[in-house]
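1. here is my input, please return the structure:
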Amino acid sequence: MKRSRTAALLLMGSAPLLLTACNSDSEASRQGLYTSVEACVAATNDSATCQQAFAKAQQEATTEAPRFANRAECEANYGADKCAERNDGGGHSFFGPMMTGFFLSQMLRNGTAASGFNSAPAFRDSNGGWQRPAADGGTGGVYRGGTGTAMMPISATPDRAVTVSRGGFGESAGSRGAGG
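-> Predicted coordinates:
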């Protein structure tokens, strides 16, 4: 009887180590919200990726931002002096919020940056919250009176240390590892 208990306890104690080892070769993603390229570089130590992410977010900001018929509607959602008039290239003008930051999601493999990253423009609303275009590109959706790409909130604190989310066995083991 004592041997059975000892064996069970020994197996239970080594399970987290085994599950962590399974995760050592999996991919993780590093995500952050930045208000400048300099803040991104300070947090990630990756100048090239931060500059590319910012440039990509700037390009997307004009096409992905919510569109409003007039400045008053835009400023009601994003605050005074936070909206600009834009042109869609077809001779139609609209108002949209100015990009106030950018969101960066970087794939990591074995703790080092992999070749890919995703970035998106970030906009600060009149309530002080942050949002970015929805990842599924839900164009045509209405958001707070505006039209264009659907927006989703960003819960990250700007210019803070990046977070890492892991996939594979380590993700499920980490959520159960302590406090059993």
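2. how many other residues sit next to the nearest residue to residue 157 once chain neighbours are set aside?
-> Leaving aside its chain neighbours, residue 157 sits nearest to residue 33 (7.1 Å; criterion: C-beta to C-beta, 6 or more residues apart in numbering). Every residue, glycine included, has its C-beta placed from N, CA and C. Using other C-beta atoms under 10 Å, residue 33 is surrounded by 23 other residues.
3. residue 132 versus residue 33, what's the distance?
-> 8 Å (C-beta to C-beta, to the nearest Å).
4. who touches both of the two?
-> Common contact partners of residue 33 and residue 132 (C-beta atoms under 8 Å, 6 or more residues apart in numbering): 103, 122, 154.
5. which of these fall in strands?
-> Residues of the shared contacts of residue 33 and residue 132 located in strands (DSSP state E): 103, 122, 154.
6. just for the chain, where's the confidence low?
-> 1-29, 107-115, 135-149, 160-180 (pLDDT under 70).
7. do a quick rundown of the strands in it.
-> Using DSSP E, the strands found in the chain span residues 27-34, 83-87, 93-97, 101-109, 112-124, 130-133, 141-143, 146-148, 151-154, 163-166.
8. for the second one, packing partners?
-> Where contact means 3 or more C-beta pairs under 8 Å, 6 or more residues apart in numbering; DSSP states H and E, strand 83-87 is packed against helix 71-78, strand 93-97.
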